[in-house]
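A.B. asks: sequence first, then the predicted structure:
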Amino acid sequence: MEHNTNQLDSFLETSIDQYTEILVLMESITQTTTCPCMEKITLTSEQILEKQKAATETDKKLLDLLANTPVKMMDNKKIKKRTDLVQQVLKQNTLITPKITTIKALMENELQQIKKGRFAMKGYQQTEIQHGSNLNNSL
C-alpha cells in the first residue's frame, strides 16, 4: 500500500507540474496586449500540444492508480490542486480559442489584401518607352 501511495504522489506531482506549464503557456497567449505574431502563436501552440500529450500519458497512469486506491486517499490535497489546475486549463482554452481564431482570420485577410494589391500592381507596370530608338539604330 505504501508503494502505491508513493507512486500516486509522484504521478500527482508530475501531473501538477505539467498542467502548470500548460497553463503558463496558455496565459502567455491571452495576456498579450498586442496582437502576437503568427510564429509565436504557432510555436506556443506546438509547445502546448507536446505538453498535453505528456500530461495525457501521466493521466492514464494516474487513473490506473486511482482505480486501485482506497476512497480515504481521494481526499488528497494534491488531487484537489490538480483538479483545480485542469479546470483553469479548460477555462483558458475557452478564452484562447476565439482569440486565436480572430487573429488567424485577421492575418488571412491581410494576406489576401497583399495578394490582391500585388496582382493589381502588375497592371500598373510601366512599359518601356523607346525614345530615340530610331537615332540609336541609325548609328
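C.D. replies: Thanks, I have the structure now.
A.B. asks: three-state assignment of Thr69?
C.D. replies: coil (DSSP: H, G, I helix; E, B strand; the rest coil).
A.B. asks: now do the buried residues in the helix or strand harbouring Phe11.
C.D. replies: Per DSSP states H and E, Phe11 falls inside helix 2-30. Buried residues in helix 2-30, counting neighbours by 16 or more other C-beta atoms under 10 Å, are found at 8, 11-12, 14-16, 18-23, 25-26, 29. Yep, even glycine has a C-beta here, placed from its N, CA and C like the rest.
A.B. asks: contacting residues for the most centrally placed residue in the chain?
C.D. replies: The C-alpha lying nearest the average C-alpha coordinate of the chain belongs to Ser45 (C-alpha atoms, centre = their mean; 2.0 Å). Shown in contact with Ser45 (C-beta atoms under 8 Å, 6 or more residues apart in numbering): Ile100.
A.B. asks: just the CA trace of stretch 91-99, in PDB.
C.D. replies: Extracted C-alpha coordinates of stretch 91-99, given in PDB (Å, rounded to 0.1, in the frame of the first residue of the first chain):
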ATOM      1  CA  LYS A  91     -11.200  27.900 -18.800                       C
ATOM      2  CA  GLN A  92      -8.100  29.300 -20.500                       C
ATOM      3  CA  ASN A  93      -8.800  27.100 -23.500                       C
ATOM      4  CA  THR A  94     -12.300  28.700 -23.900                       C
ATOM      5  CA  LEU A  95     -10.600  32.100 -23.800                       C
ATOM      6  CA  ILE A  96      -7.800  31.200 -26.200                       C
ATOM      7  CA  THR A  97      -9.800  29.600 -28.900                       C
ATOM      8  CA  PRO A  98     -11.800  32.700 -30.000                       C
ATOM      9  CA  LYS A  99      -8.700  34.900 -29.700                       C
END
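A.B. asks: what lies in contact with it?
C.D. replies: Contacts for stretch 91-99 (C-beta under 8 Å, 6+ apart): Leu23, Met26, Glu27, Ile29, Thr30.
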